[in-house]
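Peer 1: I'd like to go over a predicted model; first the sequence, then the structure.
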Amino acid sequence: MISPIGWIIIWIGIAFDILGAIGLVRFPDIYNRLQASTKCVTLGTFGIMVGIFLLKGFSPIGIKALICGGFLLLTSPVAAHALMKGALHFGTKMWHGSVVDKYGEDKLGGEQIEKGAK
Amino acid sequence: MRYIVYFILGFGFWLLLTLSVHLDHLIAGAVVVLIGTIIFGGYFTERPAKFLQIHRLFWIIVYIPVFLWYMFRANIDVAYRVLHPERPIKPGIVKIKTDLKTDIAKVFLANSITLTPGTMTCEIDGDYLYIHWIWVQSGYIDKASKIIARPFERYLRRIFE
């Protein structure tokens, strides 16, 4: 009974990974791309790890997979945060459709939104 | 005190990783964890007695499914925006205020926000967080913090403070 559930969770994880990759291509600027890739890929990979745990049970592989999933949940937001802050301080402009930029107003002296034709 | 707690936690973690009680593994683990304790124990939490308070553990266990549910919703949301032909996004960076006081609670709030619907933390500055939001509903501090941070603050306050 556990085995089919594990496989279903693994396939859902793979589907979310693919969605994250599509988002990486379709979204317009680095900030939106980071949103898509961080969220979808984190949950997708976490799903794969949980699926492996369900398939293997309390064996060395299963426990390691679960621990990897926990670390992934803790570390991938931090990595995304570092990338995003780095991009902001490097001066990467936001997409021209962005509506508000409080960070640029407060810290960087003016909105960091790209000007240009739609 | 905190060095001892760090050692015990690290050794338990090692036991989980190896999942065997062979004598060689135990000795190697003790040596590695001891080195780790000497180097990193100083950065560990100041009052490790908090680990033993039952109500905090209880709220952690309550928080995990809530968090996973928000995370799943976030992914459905992003999947919708990715697959929609017109790509409905209205991004922007907003500023929110948090009531949490300790650093570790703020870190967990920022991590939780990054993994939940359409929001991502850019920077923590004292009590304020800068959030990149994929569909800006409100640029005002009060309203934005109500939408973004309140669902997690209730739990994180009970866990970490």
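Peer 2: Received the coordinates, thanks.
Peer 1: Now do the lengthiest helix in chain B: which elements does it pack against?
Peer 2: As assigned by DSSP state H, the longest helix anywhere in chain B is helix B:54-83. On a contact count with 3 or more CB pairs under 8 Å, 6 or more residues apart in numbering or on different chains; DSSP states H and E, helix B:54-83 meets helix A:2-26, helix A:30-56, helix B:150-160. For every residue, glycine as well, the C-beta is placed using N, CA and C.
Peer 1: Which positions within it qualify as buried?
Peer 2: By neighbour count on 16 or more other CB atoms under 10 Å in any protein chain shown, the buried set for helix B:54-83 is B:59, B:63, B:67, B:70-71, B:74-75, B:77-79, B:81-82.
Peer 1: What angle do helix A:30-56 and it make with each other?
Peer 2: On the basis of axes from the mean of the first three to the mean of the last three CA atoms, to 10 degrees, helix B:54-83 is oriented at 120 degrees to helix A:30-56.
Peer 1: Residue 5: neighbouring residues, count only.
Peer 2: If you meant another chain, say so; for now it's chain A. Neighbour count of residue A:5, defined by other CB atoms under 10 Å in any protein chain shown: 13.
Peer 1: looking at chain B here, not the other one
Peer 2: By the measure other CB under 10 Å, the count of residues near residue B:5 is 19.
Peer 1: I'd say it and residue B:44 touch.
Peer 2: Yes. Contact criterion CB atoms under 8 Å: residue B:5 and residue B:44 qualify, at 7.4 Å.
Peer 1: Show me what from chain B comes close to chain A.
Peer 2: B:13, B:16-20, B:71-72, B:74-75, B:78-79, B:81-83, B:87, B:89-95, B:110-111, B:114-115, B:118, B:120-123, B:130, B:132, B:134, B:136, B:139 (CB under 8 Å from any CB of the partner chain).
Peer 1: Swap in 6 Å and give it another go.
Peer 2: Chain B has residues B:16, B:19, B:71, B:74-75, B:78-79, B:82, B:90-95, B:111, B:114-115, B:120-123, B:130, B:132, B:134, B:136, B:139 near chain A, with proximity defined as CB under 6 Å from any CB of the partner chain.
Peer 1: Mind giving me the PyMOL select for the residues you listed, buried ones only?
Peer 2: Remark: buried members of the residues of chain B next to chain A, expressed as a PyMOL selection using 16+ other CB under 10 Å:
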select buried, chain B and resi 71+74+75+78+79+82+91+92+93+94+95+111+114+115+120+121+122+123+130+132+134+136+139
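Peer 1: Take the residues of chain B next to chain A and keep only those in strands.
Peer 2: Using DSSP state E, the subset of these located in strands is B:92-95, B:120-123, B:130, B:132.
Peer 1: and the angle from the longest helix of chain B to helix A:2-26?
Peer 2: 50 degrees.
Peer 1: the inter-axis angle of helix B:54-83 versus helix B:150-160?
Peer 2: 150 degrees.
Peer 1: Once you drop chain neighbours, what's closest to residue B:111?
Peer 2: The shortest distance from residue B:111 to any non-neighbouring residue, by CB to CB, 6 or more residues apart in numbering or on different chains, is to residue A:77 (4.3 Å).
Peer 1: Residue B:161 is in contact with residue B:56, correct?
Peer 2: No. Assessed by CB atoms under 6 Å, residue B:56 is found out of contact with residue B:161, at 9.6 Å.
Peer 1: Could you name the residue of chain B that is farthest from its center?
Peer 2: Largest separation from the mean C-alpha position in chain B: residue B:23, at 35.1 Å (CA atoms, centre = their mean).
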